[in-house]
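Participant: predicted structure and sequence below. I'll ask about it afterward.
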Amino acid sequence: MSFFEAVAACLSRYADFKGRAARAEFWWFMLFLLLASAFVNQMTMSFFGATAANVVSSIFFLAMVVPTISVSARRLHDMNHTGWWQLLSFLGVGTLILLIWFMLPGTKDANRFGNPPPSFED
C-alpha cells in the first residue's frame, strides 16, 4: 500500500471502526498526520502569526481525531485485540505498549474481526 492509498483509505473510512488495517496503512497515515500538521502549522504561522496557527492547528487536530482513533482500532483488530485497548494511552506505560503492538505484524489468517487487509504485504 502506497502513501496516498493509505491516506485515502483512512480518510474514506473516517469513522469505520470495523475491520482490519495493515501496518503500512497505519504508519503511512501517521506519517501523513505528522507532515500535514507541521505544514498547516508553518503555513498558518508564516501568513497569519502564532495565534492563528494555534487555532488552525487545533481545528486540524480535532478534524483528525476520529480517523486516527478509527485506524488505530482497525490496526489493533489486525492483531486480534479489541480497539478498547487504546485506552491504555491514558496510562504512562500504556503508550509504549501500544507503540510496540502497532509495530508487530497482524494475524495472517482471518480472526474475529474479519479477513486480513487486502494489501497484506507487510
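Facilitator: The structure has been received and is ready for your questions.

Participant: next one: phi and psi at Lys108?
Facilitator: Here is the backbone geometry of Lys108 (degrees, to the nearest 10): phi -80, psi -30.

Participant: with Asn111 instead?
Facilitator: Per degrees, to the nearest 10, the backbone of Asn111 is at phi -130, psi -170.

Participant: that one bridge partners, please.
Facilitator: Partner residues in beta bridges with Asn111, using DSSP bridges, are Gly114.

Participant: Asn80 is in contact with that one, correct?
Facilitator: Yes: contact status for Asn111 versus Asn80: in contact at 4.3 Å, counting by C-beta atoms under 8 Å. Quick note: C-beta positions are derived from backbone N, CA and C, even for glycine.

Participant: so which of those two has more stuff around it?
Facilitator: Taking other C-beta atoms under 10 Å, Asn111 and Asn80 do not tie; Asn111 has more neighbours (16 against 13).
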